[in-house]
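Trainee: sequence? don't have it. structure:
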Ligand SMILES: [Zn+2]
């Protein structure tokens, strides 16, 4: 079996399946796959949509060159392309998220969740109906029909000529930067913490001068009722050392007082160049007792050069 065939060799939860997590039925098909394993493209994919959300974690939506229509993949990490670029059949698209990754709530363990539909890549990425069972098309493209599960093959012939990439100006395409994870950072009562990654370096959120949409995935424990956690992005001019704090958001403790919390905080900012460059770092300040914070899979999309 090829790596591509192995990737799509076993459906674990069929499209439309019932279950407590699936309002109105499972919106995609799940394939057996372990954390960190690669998800391979089963058609020539044009990446069109990158999304993140509480249910699905990171997801991606693509247009399918040979089959037509769109597909989505959820609970992913380490996406190998960005909107406007191609991932050809058999190439690596992304990795399967694991327990310590940002995987979303609609998840019980590592797997591939994939959808298909005819409306848009975005709808397939985030799971907006109408959606269809992707398995027959996948079987057709990967196995030529015959094995696995699913209905009759409906796709046109695969293979053939390679797609001609669309002409898109480089600076029109958002580039995505994903930070390294930082885990189990304890912020002492009334304290401030500059976030370092697991190698002890500041969590630099951007990779170049530009206009960014930055999303922090914040996980924490022990934020008690009445306590508040302030999140900041700080622009740091490497040459002068001058720092410009950017206030983002306050997370308020609530619930039973010892709640775990999780927030996706998205903020837009321009990063201009210093003489030696500019980095953006994350900092948090607690107004209350000790909290423990993870930043996992936070990312920055650079939309253009300023
Ligand atoms: Zn699923």
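Mentor: Looks like it came in fine. Since this is a predicted model, take the numbers as computed values, not measurements.

Trainee: partner strands of the helix or strand harbouring residue 293 and their direction?
Mentor: Per DSSP states H and E: residue 293 is located in strand 291-295. Note on strand 291-295: by DSSP bridges, its sheet partners are strand 182-187 (antiparallel), strand 210-223 (antiparallel).

Trainee: next SSE downstream of the last one?
Mentor: The first helix or strand that comes after strand 210-223 along the chain, using DSSP H and E, is strand 228-237.

Trainee: immediately after that next one, which helix or strand?
Mentor: strand 243-252.

Trainee: mind listing residues that contact that next one?
Mentor: Residues outside strand 243-252 that contact it (CB atoms under 8 Å, 6 or more residues apart in numbering): 216, 218, 220, 223, 227-237, 261, 263, 265, 267, 269, 283. Yep, even glycine has a C-beta here, placed from its N, CA and C like the rest.

Trainee: switch the cut-off to 6 Å
Mentor: For strand 243-252, the surrounding residues in contact (CB atoms under 6 Å, 6 or more residues apart in numbering) are 228-236, 263, 265, 267, 269.

Trainee: same deal with stretch 14-34?
Mentor: By CB under 6 Å, 6+ apart, stretch 14-34 touches 8, 10-13, 96, 106, 110-115, 127, 131, 133-135.

Trainee: report the buried residues of the top helix by length along the chain.
Mentor: Counting by DSSP state H, the longest helix found in the chain is helix 135-143. By neighbour count on 16 or more other CB atoms under 10 Å, the buried set for helix 135-143 is 135, 136, 137, 138, 139, 140, 141, 142, 143.

Trainee: ok, it near the ion or not?
Mentor: No: using CB under 5 Å from the ion, helix 135-143 stays clear of the ion, with a minimum separation of 12.1 Å.

Trainee: closest one to the ion out of the contacts of strand 243-252, please.
Mentor: residue 263 (23.7 Å; CB to the ion).

Trainee: so where's the stretch 201-306 of the chain uncertain?
Mentor: Across the stretch 201-306 of the chain, residues meeting the criterion (pLDDT under 70) sit at 201-211, 247, 255-259, 266-270, 272-278, 302-306.

Trainee: of all of it, which residue lies closest to the ion?
Mentor: residue 297 (18.8 Å).

Trainee: how about that residue, nearest residue that isn't a chain neighbour?
Mentor: Once flanking residues are discounted, residue 297 sits nearest to residue 102: 3.6 Å by CB to CB, 6 or more residues apart in numbering.

Trainee: secondary structure class for the one you found?
Mentor: coil (DSSP: H, G, I helix; E, B strand; the rest coil).

Trainee: my read: residue 142 touches residue 41, true?
Mentor: No: with contact defined as CB atoms under 6 Å, residue 142 does not count as touching residue 41 (10.3 Å).

Trainee: hang on, the earlier thing: looking at the strands paired with strand 291-295, which is buried most?
Mentor: Ranked by mean neighbour count under mean count of other CB atoms under 10 Å, the strands paired with strand 291-295 are led by strand 210-223, which reaches a mean of 21.

Trainee: now do that one against strand 243-252, angle only.
Mentor: Angle, strand 210-223 to strand 243-252, by axes from the mean of the first three to the mean of the last three CA atoms, to 10 degrees: 40 degrees.

Trainee: tell me the contacts of the closest residue to the ion within the stretch 101-250 of the chain?
Mentor: Residue nearest to the ion within the stretch 101-250 of the chain: residue 113 (3.4 Å; CB to the ion). Residue 113 sits next to 28, 30, 74, 75 when contact means CB under 6 Å, 6+ apart.

Trainee: rebuild the residues you listed as a markdown table, extending it with pLDDT, secondary structure and neighbour count.
Mentor: Converted to a markdown table, the contacts of residue 113 look like this (pLDDT from 0 to 100; DSSP: H, G, I helix; E, B strand; the rest coil; neighbours: other CB atoms under 10 Å):
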| residue | pLDDT | secondary structure | neighbour count |
| --- | --- | --- | --- |
| 28 | 95 | coil | 29 |
| 30 | 95 | strand | 20 |
| 74 | 96 | strand | 31 |
| 75 | 93 | strand | 29 |
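
Trainee: contacts with the ion among these, please.
Mentor: Okay, of the contacts of residue 113 touching the ion (CB under 5 Å from the ion), that's 28, 30.

Trainee: nearest to residue 47 among the contacts of residue 113?
Mentor: The closest of these to residue 47 turns out to be residue 74 (CB to CB; 14.3 Å).

Trainee: isn't the closest one up against residue 60?
Mentor: No: taking CB under 6 Å as the definition, residue 74 is not a contact partner of residue 60, at 8.2 Å.
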